[in-house]
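1. Return atomic coordinates for the entry below.
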Amino acid sequence: MSDTKTVRIRTECRVSAMRTSACAAESFQLLNAGAKSVWRGQGDTWTAARDRAAEEAGVTPAQAERLQKNWRTMKFPNGDVYRLLRNKYGHLCSLIEKAGDAVEAKRLEIEESYAVRKGPVSTGTGDNDARH
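-> So this is what the prediction gives:
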């Protein structure tokens, strides 16, 4: 009897530990990434940054607050919230990639303009050569 009870308890604990859906966790991470991108530094609150990120993504601040507070126990976030946050995150990633490409192009341009164009390096065949 006790073995059956132990198995049932372990199963219930495992199920309760897995209550968070992958969509809820991913939505929470996407919301945090957006909040990090709009955070203004010292003097700004995380709540204000979260609300700005949510509004930029098209999500209401109330939905963002619900997601932030309940993402661990939430089985599924609102589909629109998830979709909007994914789209905003994709947009942020494309902006970062474009900025990286621009920096790389500028680096190559600078490298080409300052490249030293000399002939082959002399091997020391002059009169002051120590080998003679």
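2. Just list what the longest helix seen in the chain packs against, helices and strands only.
-> In the chain, with assignment by DSSP state H, the single longest helix is helix 79-113. Packing partners of helix 79-113 (3 or more CB pairs under 8 Å, 6 or more residues apart in numbering; DSSP states H and E): helix 22-38, helix 46-57, helix 61-70. For glycine as for every other residue, the C-beta is placed from the backbone atoms N, C-alpha and C.
3. Indicate which one of these is closest to residue 101.
-> Shortest separation from residue 101 across these is recorded for helix 22-38, at 18.4 Å, computed as CB to CB.
4. ok so, going back, off-centre distance for the longest helix of the chain?
-> From the chain centre to the centre of helix 79-113 is a distance of 12 Å (CA atoms, centre = their mean, to the nearest Å).
5. List the buried residues in that helix.
-> Buried residues in helix 79-113, defined by neighbour count with 16 or more other CB atoms under 10 Å: 81-82, 84-85, 88-89, 92.
6. now that helix and helix 46-57, what's the angle there?
-> Computed by axes from the mean of the first three to the mean of the last three CA atoms, to 10 degrees, the angle separating helix 79-113 from helix 46-57 equals 90 degrees.
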